[in-house]
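A.B. asks: Everything below, folded, please.
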Amino acid sequence: MHFRRYSLAAGAAVIAAAIAATASPALAASGDVSLAGSVAPAAASTTVVGSVPAARRVDFAVQLRPRDLVGAQALATAVSTPGNAAYGKFLTPARWEARFSPTAGQVAEVAAFLKRGGFAVGSVSADRMNIDASGTAAQVERAFSTSLSYHRVNGRQLRLNDRALSVPAGLAGVIVAVTGISDSVAKPATFIPPPPPPGFRVASPCSSYYGQLTDTTLPPYGNGFAPNPPWVTCGYNPSQLRSGYNENPSFNGTGESVAIVDAYASPTLLSDAQTYAAKNDPSHPLANSQFSEVLSPTFNHADVCGPSGWYGEQILDVEAVHAMAPGAHIVFAGAENCFTGDLNAAIRRIVDGHLASVITNSYGDPSGDVLDPPSLREATDNLLMMAAGTGVSVLFSSGDWFDNYTLTGVVAPTYPADSPWATGVGGTTTAIDASGQRTAEYGWSTARSLLCTATTAALGSCKADQIGTWLPIDLGLDGGSGGGTSHVYRQPSYQAGIVPNSLATMWGSTPMRVEPDISMDADPATGMLVGQTQTFPNGVYYDQYRIGGTSLASPLLAGYVATAEQMAGHSFGLLNPALYGLHGKSGGLNDVLPAGKIDQSRADFANSIGPGDGFLYWTRIVTYQGPQQFCVSLDRCSRIDMTLHPTPGYDNLTGLGAPGSQFLSLLSSGF
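C.D. replies: Numbers count the residues shown, from 1 in each chain. All right, here's what the predicted structure looks like:
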């Protein structure tokens, strides 16, 4: 995920400015209008560190608005809603494009405008909603009546347009956004930083299943928690996850295709996944014929995006999808970089070609509900709406940092997970016992306390006179399911009457969209065992480790939905109407409730790979509900109470809850 930091005092102002940016276009110059929502709030709230050289090449894309937007939205809703006469009657991409895409004449008008500006016009997407172009920074500033600067955003130097873009008045109703002029960076949602290039191994003790081993050696944590908590798991394997989520062994996703969208492409992705299946799920190998790639012809911006950090995300996604739907075909779509517009281009290739019926995306922008440029969100929403209308379910991780306050200083949901056209997938701490049954689920909301030992004292984490004691809770927290109430999206019809009014109206009297929608296992301490080629001091080779985050929950659900599609004999399109239709149906959903004081013990290698440099020992508070902290600097911090809470019924930590024992049968039957 793209971690942006803003000053504490600016938080409310950023939200207000972002919402105001959705206003109607205003006159910018003679014959031109300002493109609403085309400037990121970061342009006004971050430090300018330099101007963009006039000759610098800028690759960008002009996003066009669908014709009959209201009609397209109505169709996408109708075909995705069980009980509607149109349910399941999806359009093919070609029929959707003929009915709703911008006209060839509109495309030609936009292309002519670009050519007048001196730009090279590239390809036009099959849906005619995306036109690629390139030119110099000077041409961009002149053609769009703006200025470009480099800004310091979360330690990165990013290019932003300092004021709104302008377009010819005659195109104001056609152009919805111009992506790529400002850098909008996404980052994987995986909670534990992906291991490559350095290796990572799980330290012992850890349990093969939840509760197998209890901690009888570390000092009691106290503070009202029970003594002898369980040690964290070593990582669930595929059979444990299938069993824990009540998979029907007669169905495995055969005949269905699941797409995974990430930036870049690990050169060992398929071989690692095949090795993993052979070692951990030998009765379900991943055949070459079950895997295909749709890759960008080039990859770039490695300095900003860090390709190796995406490799760990990719292997988690592939292995998790295959774990839940071992018969499904997996399509890996690798974008040329981590910029939002280019990730959207990878999604577009899947949707335009109808290459899969489910797409999982384990990335997003914390507080992007208000911090992303509104025009970028609108363009993304239009793409996701087309996916719904053509029978493609699009899932996004809800994020791993609660309400995002600790990262941005702004309480707002992660985007695109909170788009009304996406399914936001949250996380739980999931207990699977020796027989493979789920025995407990808690809302994933963790904090941690480090035990002071001689090792940690030597590392400078505590003082010698503190050895043997638990240190104060780290208020940067230890990760938790993302969620919250949108500042910009009104409540979609599928949430009405199910999401408590107290959540929907958190920001005012108008009910708003709340996310996540549903949750699956995400806590890294009850996460999945994965395997990947990593770099160790003695060489580069395959090894295994445990990982979690809502980056795990989203591909788990994607594989689960593929199995339901096989059972149903059809795809579901936008999944949310069906999910909310399960509310109140016996066995459809497991309500995740408040659980009191639950903790776990965890050991880590101090050097990440072996015991040679000692161990770090933690108490992990699974159900943390205390204060959280945002820091501009070490001496400028502010605290607020947690805003995400598990409650009976829908809640803003886990959504509707987790899939129940009858989830697959109910979803596949349309109730």
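A.B. asks: how close does A346 sit to S207?
C.D. replies: Per CB to CB, to the nearest Å, A346 is found 38 Å from S207. Quick note: C-beta positions are derived from backbone N, CA and C, even for glycine.
A.B. asks: same question, R448
C.D. replies: Between R448 and S207 the computed distance is 18 Å (CB to CB).
A.B. asks: before we move on, what about V174?
C.D. replies: Taken as CB to CB, the span from V174 to S207 is 58 Å.
A.B. asks: hang on, the earlier thing: if you count what's nearby, which of A346 and S207 comes out ahead?
C.D. replies: Between A346 and S207, counting by other CB atoms under 10 Å, A346 is the more crowded of the two (23 against 20).
A.B. asks: Flag every buried residue along the helix or strand where that one lies.
C.D. replies: Taking DSSP states H and E as the criterion, A346 maps to helix 340-353. The neighbour-count check on helix 340-353 (16 or more other CB atoms under 10 Å) flags 340-352 as buried.
A.B. asks: so how far is the helix or strand just after it off the chain centroid?
C.D. replies: Sequence-wise, the next helix or strand downstream of helix 340-353 (DSSP H and E) is strand 358-361. Relative to its chain's centre, strand 358-361 lies at 10 Å (CA atoms, centre = their mean, to the nearest Å).
A.B. asks: Residues contacting strand 358-361, please?
C.D. replies: 256-261, 317, 321, 343, 347, 350-351, 387, 392-397, 416, 554-555, 557-558, 561-562, 565, 571 (CB atoms under 8 Å, 6 or more residues apart in numbering).
A.B. asks: residues near D400, how many?
C.D. replies: 34.
A.B. asks: measure it to S362 for me?
C.D. replies: Using CB to CB, D400 is found at 10 Å from S362.
A.B. asks: repeat for V107
C.D. replies: 33 Å.
A.B. asks: More neighbours: which of these two?
C.D. replies: Comparing V107 with S362 by other CB under 10 Å, the one with more neighbours is S362, at 30 against 21.
A.B. asks: ok, G443 touching S481?
C.D. replies: Yes: contact criterion CB atoms under 8 Å: G443 and S481 qualify, at 6.4 Å.
A.B. asks: Mutual contacts of those two, please.
C.D. replies: T428, S519, L644, L653, T654.
A.B. asks: Of those residues - the most surrounded one?
C.D. replies: Neighbour tally across the shared contacts of G443 and S481 (other CB under 10 Å): the maximum, 34 neighbours, falls on T654.
A.B. asks: what residues are up against that residue?
C.D. replies: G426, G427, T428, G443, W444, S481, G483, P516, I518, S519, V592, P646.
A.B. asks: Buried ones among those?
C.D. replies: Burial by neighbour count, judged by 16+ other CB under 10 Å, picks out G426, G427, T428, G443, W444, S481, G483, P516, I518, S519, V592, P646 from these.
A.B. asks: quick one: the fifth one and S481 touch, right?
C.D. replies: This means W444. Yes: W444 is within contact range of S481, at 4.6 Å (criterion: CB under 8 Å).
A.B. asks: what do those two both touch?
C.D. replies: Common neighbours of W444 and S481 (criterion: CB under 8 Å, 6+ apart): G426, G427, T428, S519, A522, L653, T654.
A.B. asks: Show the backbone phi and psi for the nearest residue to A226 once chain neighbours are set aside.
C.D. replies: Counting by CB to CB, 6 or more residues apart in numbering, K597 is the residue found nearest to A226 once chain neighbours are left out, at 7.5 Å. K597 adopts backbone torsions of phi -90, psi 110, taken as degrees, to the nearest 10.
A.B. asks: Show the model's pLDDT score for K597.
C.D. replies: Per-residue pLDDT puts K597 at 94.
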